[in-house]
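Engineer: I would like to see how this sequence folds:
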Amino acid sequence: MKLKIKGFFGLIIIVLLTSCQNGNQSTNEKYSIGTLTDSIYTNDYFSINLTIPNDWYVYPREYYDAFSEKGKDYNQTKETVEESDNVLLNLLMFSDKSIADSTFARQTIILNAEKPANKNEYSSELDYLKRTKQEMIRYQLPMKFSSGFDTIVISGKNYISFHTEFQTEKGIIYQDYMTRKEKDFYLNIALTYPDSTKRKDLIDLLSEKIK
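Structural biologist: The predicted structure follows:
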């Protein structure tokens, strides 16, 4: 799979992608991209109930679909989509700054979910994240990667994570990528923040807002 980078913002919100291979799934189970009602994002399939802070902005799905080639391979305009191979669902993106705001100091949270073509392609969440990291390194972006992996607990659920720092002309952008297995999918969360002290704030925010 090719990673589409469109300008500076595309580098900031690098969506979690891994190599896609052909394969078939026998199940006809349906999954959902979720719904957003009165600042509450709900996705029963992935067991998510997330309250968006009042002073944060939810970005339109078509805005971040543009950063994922796979996001355009099927129709995400309906609440429920049919099962298919190599699926990447862009679930939610929200930020403390609006799209129109050009301020560098932006905190962003992205949720997506990936279903590998072959359900046995990865042995664990750690294996999935290691290969995600290798794929990102392959693009030779000016990023520094943490040497190891951490476990982060959000609302009682364990996520395996790694950390990156991305040098730009305006300063350093910090990112955390985390994942956990949910049914046949890997549920991914990507955090982006302009100040290393904000990492705990974002994790605390998610722990408080996800029920």
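Engineer: residues of the helix ranked longest in the chain that come out buried?
Structural biologist: Identified as the longest helix of the chain according to DSSP state H is helix 125-138. Within helix 125-138, the residues scored as buried using 16 or more other Cβ atoms under 10 Å are Glu125, Tyr128, Leu129, Thr132, Lys133, Met136. Every C-beta, even on glycine, is put in place using the N, C-alpha and C of the backbone.
Engineer: avg pLDDT for it?
Structural biologist: Throughout helix 125-138, pLDDT has a mean value of 88.
Engineer: so what does that helix touch, helix or strand wise?
Structural biologist: strand 143-145, strand 157-168, strand 171-182 (3 or more Cβ pairs under 8 Å, 6 or more residues apart in numbering; DSSP states H and E).
Engineer: Need those in CSV (columns: mean neighbour count, mean pLDDT and distance to Ile33).
Structural biologist: As requested, these are exported to CSV (neighbours: other Cβ atoms under 10 Å; pLDDT from 0 to 100; distance: least, Cβ to Cβ, whole Å):
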stretch, mean neighbour count, mean pLDDT, distance to Ile33
strand 143-145, 14, 89, 28
strand 157-168, 17, 91, 20
strand 171-182, 20, 92, 14
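Engineer: among these, which is nearest Asn49?
Structural biologist: Evaluated with Cβ to Cβ, those place strand 157-168 nearest to Asn49, the distance being 12.6 Å.
Engineer: now that closest one: how far from the chain's centre is it?
Structural biologist: Relative to the centre of its chain, strand 157-168 is centred 11 Å away, using Cα atoms, centre = their mean, to the nearest Å.
Engineer: orientation of that strand relative to helix 125-138 in degrees?
Structural biologist: Between the axes of strand 157-168 and helix 125-138, defined by axes from the mean of the first three to the mean of the last three Cα atoms, to 10 degrees, the angle is 10 degrees.
Engineer: What strands line up against strand 157-168, and which way round?
Structural biologist: Strand pairing for strand 157-168, determined by DSSP bridges: strand 143-145 (antiparallel), strand 150-154 (antiparallel), strand 171-182 (antiparallel).
Engineer: List the contacts of that strand.
Structural biologist: 8, 11-12, 125-126, 129, 133, 136, 141-146, 148-153, 172-180, 189 (Cβ atoms under 8 Å, 6 or more residues apart in numbering).
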